[in-house]
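Novice: Give me a 3D structure for the following:
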Amino acid sequence: MKLVLRTLYVTLTASALLSGCGDKEPPSPEASSRPVKTFLVAGNAGGGERSFPGRIESTNRADLSFRVAGTVQDILVKEGDLVEQGQLLAKLDPTDYRTVVQDRQATFDNSERNFQRGKELVGDGFISRTEYDRLEANFKTSEAALATARQDLAYTELKAPFGGRVAKRYAEKFEEIGIKQTMFTLQDVNNLQVKIDLPESLLRSIRPGPKEADASNESRDITAFATFEGKTDQPFALSLREISTRADPKTQTFEVTFDMAAPKDFIVLPGMTATVLIDFSARLQNADTTQWVPLNAVVADSTLGARVWILDPQTMTVSSTGVEVGRMQGDQIEITSGLSGGEEIVSVGASYLAEGMQVTRMKPSEQAVPRADDPS
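Specialist: Here you go, the predicted model:
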């Protein structure tokens, strides 16, 4: 009897313990945010002003080399030196070329004398016309050979084709150098170019000028300035030179080139960087709010209306807004109304969002390019 009671007590105690554990509800899982890829809509927000990282290049740049081979006899400039047009930069040993000139000179002198005698003899009938023609041909051949030898001798001196700065030297004194082997890189530092990469979406919103307008007319429509680190209070005016019409295959941006006069109070060299400030107000299509966004950013609502999801960067939540769409070009679609520019919209993952949902931006390494058959 005692054994039965003891067994019953143990059973009831275990049941009570299990029941007590069962009264506690399991903790609810923490809400997780959905990772998305975003796209910044370009437009007229901010008065048409944009800033871009720029890189400095020289208007004139040349890799200089000797047109003949030989041993470097003398180098007259150093890297970083400013040189003038026509200034002597380096010389090759001219000994062999002088010897050739002397040999060609002797051959020329002999052929010239024979030719002059032939003129007298052919007139008196002492030599045939054929023999005279041979003497004339030898004279002209030796004359050309002498001119070539003299030119090769002149090519042993390397001179600057324009004024600039010696950016790099590739050979040393007494070194053997071949034909067309680069000796110096010369850059014009008085006339500089500033290059930026213009996004495809912004380029689409620029109103083209008249066909007859030249680069100077276009530059009056686009006001651009360059500033440099430590000199941000001193902007330098830029003039538009050209806009590439072929996109970079990796970044899908278009290269824009501006001309800039070299600053007088501090040095700006090719390879340095600048910040380019551009006011597109005169060229942006202000008559409408046309934008171009990734095709996957546009989704359909229950009434088959087009919508995009806008990210609030403060709360990292999304909200949808209706848009009207137009043309399609590749993986881009035109938004004719609904966006004013400057919005950050969801470009990948839009189909899985809900109003007010918390999201996170994908890391660049996680933003794989979607396949054609993947859902947007």
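Novice: how about Thr253, what does it touch?
Specialist: Going by C-beta atoms under 8 Å, 6 or more residues apart in numbering, Thr253 touches 197-200, 247. For glycine as for every other residue, the C-beta is placed from the backbone atoms N, C-alpha and C.
Novice: Next step: these restricted to helices.
Specialist: The members of those that map onto helices under DSSP state H are Glu200.
Novice: After whatever helix or strand Glu120 lives in, which helix or strand is next?
Specialist: Assigned by DSSP states H and E, Glu120 belongs to helix 95-124. As assigned by DSSP H and E, the chain's next helix or strand after helix 95-124 is helix 129-154.
Novice: any chance you could map the strands in the stretch 151-300 of the chain?
Specialist: In the stretch 151-300 of the chain, the strands defined using DSSP state E, counting those that start in this stretch lie at 157-159, 164-169, 176-177, 182-187, 191-199, 223-227, 236-243, 253-261, 273-279, 291-294, 299-300.
Novice: Comparing these, which stretch has the densest surroundings?
Specialist: For the strands of the stretch 151-300 of the chain, the largest average neighbour count (mean count of other C-beta atoms under 10 Å) is found in strand 291-294, namely a mean of 24.
Novice: Worst mean pLDDT among the strands of the stretch 151-300 of the chain?
Specialist: Among the strands of the stretch 151-300 of the chain, strand 291-294 has the lowest mean pLDDT, at a mean of 81.
Novice: sorry, back to before: could you dump the strands of the stretch 151-300 of the chain to a markdown table with distance to Arg327?
Specialist: Shown next, in a markdown table, are the strands of the stretch 151-300 of the chain (distance: least, C-beta to C-beta, whole Å):
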| stretch | distance to Arg327 |
| --- | --- |
| strand 157-159 | 56 |
| strand 164-169 | 46 |
| strand 176-177 | 58 |
| strand 182-187 | 44 |
| strand 191-199 | 18 |
| strand 223-227 | 29 |
| strand 236-243 | 22 |
| strand 253-261 | 19 |
| strand 273-279 | 26 |
| strand 291-294 | 9 |
| strand 299-300 | 18 |
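Novice: Tell me which of those strands approaches Asn114 most closely.
Specialist: Smallest distance to Asn114 across these (C-beta to C-beta): 33.7 Å, for strand 157-159.
Novice: name the helices or strands packed onto that closest one?
Specialist: Contact here means 3 or more C-beta pairs under 8 Å, 6 or more residues apart in numbering; DSSP states H and E; on that basis strand 157-159 packs against strand 88-92.
Novice: Neighbouring strands of the strand it packs on in the sheet, and parallel or not?
Specialist: Sheet pairing for strand 88-92, assigned by DSSP bridges, gives strand 70-75 (antiparallel), strand 157-159 (antiparallel).
Novice: Might you calculate how far the last one sits from the centre of the chain?
Specialist: Taking C-alpha atoms, centre = their mean, to the nearest Å, one finds strand 157-159 lying 32 Å from the centre of the chain it belongs to.
Novice: what sits up against it?
Specialist: Contacts to strand 157-159, defined as C-beta under 8 Å, 6+ apart, come from residues 64-66, 86-92, 183-184.
Novice: repeat that with 10 Å
Specialist: For strand 157-159, contacts defined as C-beta atoms under 10 Å, 6 or more residues apart in numbering pick out 64-67, 72-77, 83-92, 94, 177, 183-184.
Novice: hmm, which of these are the buried ones?
Specialist: Among these, those scoring as buried are 64-66, 72, 75, 77, 83, 89-92, 94, 177, 183-184 (criterion: 16 or more other C-beta atoms under 10 Å).
Novice: picking that back up, could I get the strands paired with strand 88-92 as TSV with distance to Leu269?
Specialist: Output for these, formatted as TSV (distance: least, C-beta to C-beta, whole Å):
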stretch	distance to Leu269
strand 70-75	21
strand 157-159	22
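Novice: Any figure for the gap between the residue minimising distance to the centre of the chain and Lys195?
Specialist: Centroid-nearest residue in the chain: Glu255, 5.9 Å away (criterion: C-alpha atoms, centre = their mean). The gap separating Glu255 from Lys195 is 6 Å, by C-beta to C-beta, to the nearest Å.
Novice: Name the residues contacting each of those two.
Specialist: 242, 244.
Novice: Could you point out which of the strands of the stretch 151-300 of the chain sits nearest Gly341?
Specialist: Gly341 lies closest to strand 291-294 among the strands of the stretch 151-300 of the chain, at 6.4 Å (C-beta to C-beta).
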